[in-house]
Every structure is written in C-alpha cells, then in structure tokens.
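Undergrad: Got a sequence here, can you build the structure:
(one chain, ligands or ions: 1)
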Amino acid sequence: MLMRTDQMTASTPAPASDKIRPAVQLDGVTKRFGDSVALHEAWLKIQPSEFMTLLGPSGCGKTTLLNLVAGFLGADNGEIFIEGALVTETPAHMREIGIVFQNYALFPHMSVAHNVAYGLKTRGIEKKEIARRVDEALALVKLTGFADRKPRQLSGGQQQRVALARALVIKPKVLLLDEPFSALDKNLRGSMQVELKQIQRELGVTTIFVTHDQGEALSMSDRIAVMSAGRIRQIAAPDDIYRRPADRFVASFVGDANLLNGRLVERRGDVAMVSIGDVRASVPAAVHC
Ligand SMILES: Nc1ncnc2c1ncn2[C@@H]1O[C@H](COP(=O)(O)OP(=O)(O)OP(=O)(O)O)[C@@H](O)[C@H]1O
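TA: Alright, predicted model coming up:
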C-alpha cells in the first residue's frame, strides 16, 4: 500500500481519446545492448501538441527511447509510428524530427545564422526562404541581432537557444529534447524552462522532453512517463503522478513520499491504515484506484 500524507481527490482529465491519431506511438518497443535490455516493451501514445516528459534516474532508458524515436537506434522488437506512419525502418534524416541535445552540438566554425539554416539547406530550400525562416526562428528564441556571431561568442543559454532555433526551423513533426538545460545554472534553467514552454505552446509542436529532474518534469509537462530500469512505470498527468503514484518506485522518485507499510481496515465506511503488529497505531486513509 502506497500513500502520500497529502493525498487529495482532485483529478486530472484523461488524455485525449484514442480516436485522435497520435503524433508519436510506440507499440511494444524493445532495445537490447548485448545481454542487457535498455528498453523493455515500451507502449506509449503521444498526442498532437502534447508535451510529454520521460522522467527517471540515470540509466533507466530515457535517451534510448528518444534515440529510437529519432531513428539513431533501431528497435529489436515493436513498431514506432509518427503521425500514423510506420517509421520503424525509416532513417533518421527522413523522420522530420528536431532535436536539442544537452551539449547543444552546434557547429563551432559556423555563424549562428548558418547553424540555424543548416537543416533547411540540406533540404534544398531556396535562399530567400531560408533567410526568412532563419530570421523568424531567431526572433522566436529572442536572438535577433546575433546572426553573425560564432557559438563561442555566446553564453550557454544563448547557445541552447540557437540549438532550439535550429531544431524548430525545419518545422519538425516532433521536437525531442534530451536534458537540454542540465548544463545551465539554476536561475537560467528556470527562465529557459518558462521560455521553452511558451514557445512550445505557441507553435503547438509535439514535444518529448527527457529529464531526471522531477521538479522540471512536474512544472512543464502535459503528461509524464516515469521510467525505471528500462520500463515505463506510469504515464499520467503531473498531478496524477504526484498524488497517485502507480507503484513504490514512482512514489519514491517523484515528490517527497511517506511510504507506509500496513493493512487497510474498513469499518462502517471509514478506512484506516493499521500498522502491522500493532493495531493501536492507525491513521485515517483514502483509497484511490
Ligand atoms: N550504445 C550502448 N551500448 C551499450 N549499452 C548502452 C548503450 N547505450 C545505452 N546503454 C545502456 O542502456 C541503459 C539505458 O541507457 P540510457 O542512456 O537510455 O539511459 P538514460 O535514462 O538516458 O540515462 P542518463 O540520464 O544517464 O542519460 C543503460 O544501462 C546504458 O548503460
């Protein structure tokens, strides 16, 4: 039995119905490295415009899942769909995905404008259109006026904005972010979280965000997939993850849990939790199923 002492009955509406075609869908996806299973039969549906966070401790398989969606890794079992199309065998460059990495991964010898333009050039888009879209993307991340600088002439936060502009400029079907703010100091991290969330809402771009920071996950996400040891343990809205953890792992990883071991006793409609071996010690309890 798992409970939080602050449990309440408030409930978050269920996610969009199955009738809407998911922006991203994983059907039983498994990835092994040698004998070890990095991702075990992941089932996940992400709705259009949804901000989905993969949350879990180091090594739980978050980046592996992200790389499978991106096409940088191939699945051993299962299928991956993007906007309803099967992409399990589709190479990364044909999946129309924007990616932001933890270390920005900008081209150091190129200007900000050229970094942002890169994905458009490789798609053969004409020069005038490229210039227009680069300006638009830089304005979106508040970097108008920085077009001619090199990455080394920018702060960490500014470099991460360039990486975001570069990912968004191609109008991706899905935006993937792998711990994008972990190299930034705490204050900057907070403001970048707010800004990313604003941009994501404004564009309505479906987003998969990887973090091991539960505060970041709870504040930014529409839904969170909590992972541990290669398995998705719970997929739910932040409030539900926090108040109704599906198992002991989720309860201990998210929020400040008080885990109580005991028996539930029901008498005339009242439920109490009774500690094992000492029936005199009990606390009132609420059961959420
Ligand atoms: N290329 C690889 N070869 C062998 N094992 C790998 C490889 N990539 C990942 N793994 C293993 O798969 C498991 C999941 O790794 P993954 O990088 O997905 O975790 P993560 O949750 O993203 O961790 P972190 O938060 O530290 O980035 C780990 O045990 C890791 O050691």
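Undergrad: all helices for the stretch 1-150 of the chain, in order.
TA: 62-70, 112-121, 127-140 (DSSP state H, counting those that start in this stretch).
Undergrad: Need the ones you listed in JSON lines (columns: mean pLDDT and distance to the ligand).
TA: Backbone N, C-alpha and C define where each C-beta goes, glycine included. Converted to JSON lines, these look like this (pLDDT from 0 to 100; distance: least, CB to the nearest ligand atom, whole Å):
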{"stretch": "helix 62-70", "mean pLDDT": "97", "distance to the ligand": "3"}
{"stretch": "helix 112-121", "mean pLDDT": "95", "distance to the ligand": "24"}
{"stretch": "helix 127-140", "mean pLDDT": "95", "distance to the ligand": "27"}
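Undergrad: Just list whatever residues bridge to residue 31.
TA: When bridges are called by DSSP bridges, residue 31 pairs up with residue 39.
Undergrad: on that earlier part again, got a markdown table for the helices of the stretch 1-150 of the chain, with mean neighbour count and distance to residue 187 too?
TA: Converted to a markdown table, the helices of the stretch 1-150 of the chain look like this (neighbours: other CB atoms under 10 Å; distance: least, CB to CB, whole Å):
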| stretch | mean neighbour count | distance to residue 187 |
| --- | --- | --- |
| helix 62-70 | 23 | 25 |
| helix 112-121 | 21 | 23 |
| helix 127-140 | 16 | 22 |
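Undergrad: What about contact with the ligand: does stretch 21-35 have any residue there?
TA: Yes - interface with the ligand: stretch 21-35 contributes residue 33 (CB under 6 Å from any ligand atom).
Undergrad: Going by neighbour count, list what's buried in that stretch.
TA: By 16 or more other CB atoms under 10 Å, the buried positions in stretch 21-35 come out as 22, 23, 24, 25, 26, 27, 29, 30, 31.
Undergrad: The ligand contacts on the stretch 51-200 of the chain?
TA: The stretch 51-200 of the chain has residues 56, 58, 59, 60, 61, 62, 63, 64 near the ligand, with proximity defined as CB under 6 Å from any ligand atom.
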